[in-house]
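Any chance you can model this:
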Amino acid sequence: MKFLCLGYLDSAKMDSRPKDEIDAVMNECPPHLENLYKSGQVIIDAGLSSENKCLRRANGKVKVTDGPFIETKEMIGSAFLIEARDMEEAIRIASLHPTVQVGAGEQFGWRIEIRPINYFVSRD
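A predicted model of the protein is given here:
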């Protein structure tokens with residue numbers, strides 16, 4: 001079973017800090033990413049830009065608008081896709097990600113949301 005893991009952050013808190021401080025925090029991430037990748041269960045891992053668009057159908061037409069899409073202080077900063085037997089194993093694997101391993105991330109609201117992926121069409 002595949003799970004989509006979304007990494008959240010409070011961008012206002014991170015943007016308010018000096019670049020050197022953020023660089024130091026981000027430099028703590030690579031060893032944790034290596035541990036995550038060594039699990040052999042990461043299908044894709046990507047950082048996401050703050051640029052975004054929203055597609056919505058309204059009055060029979062597709063409209064494109066700029067984000068943010070909901071009222072929130074948080075933004076999605078990363079996404080990764082993993083293969084796991086069940087949610088328990090997905091939690092164990094996602095727990096290796098720097099989002100929850102780097103202690104300094106706590107002050108920036110770093111967190112991971114895990115969602116099982118359901119297929120609209122059976123792939124069997």
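
From here on, just use CA atoms for contacts and neighbour counts.
Will do.

With adjacent residues omitted, what lies nearest to Tyr8?
Leaving aside its chain neighbours, Tyr8 sits nearest to Ile76 (4.5 Å; criterion: Cα to Cα, 6 or more residues apart in numbering).

Also Asp86?
Met1 (6.9 Å).

Got the confidence number for that neighbour?
Reported pLDDT at Met1 in the predicted model: 93.

count of neighbours near it?
12 (other Cα atoms under 10 Å).

Surely it is in contact with Tyr119?
No. Applying Cα atoms under 8 Å, one finds Met1 not in contact with Tyr119, separated by 10.2 Å.

next one: the helix or strand harbouring the residue nearest to Tyr8 to chain centre, how far?
In this assignment (DSSP states H and E), Ile76 forms part of strand 74-83. On the basis of Cα atoms, centre = their mean, to the nearest Å, strand 74-83 is displaced by 2 Å from the centre of the chain it belongs to.

now for it, which elements pack on it?
strand 2-10, strand 42-47 (3 or more Cα pairs under 8 Å, 6 or more residues apart in numbering; DSSP states H and E).

Sheet partners, orientation included, of it?
Strand 74-83 pairs in its sheet with strand 2-10 (antiparallel), strand 42-47 (antiparallel), by DSSP bridges.

now the ones you listed in CSV, with distance to Lys19 and mean neighbour count?
Listed next are those as CSV, based on distance: least, Cα to Cα, whole Å; neighbours: other Cα atoms under 10 Å:
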stretch, distance to Lys19, mean neighbour count
strand 2-10, 16, 22
strand 42-47, 18, 14
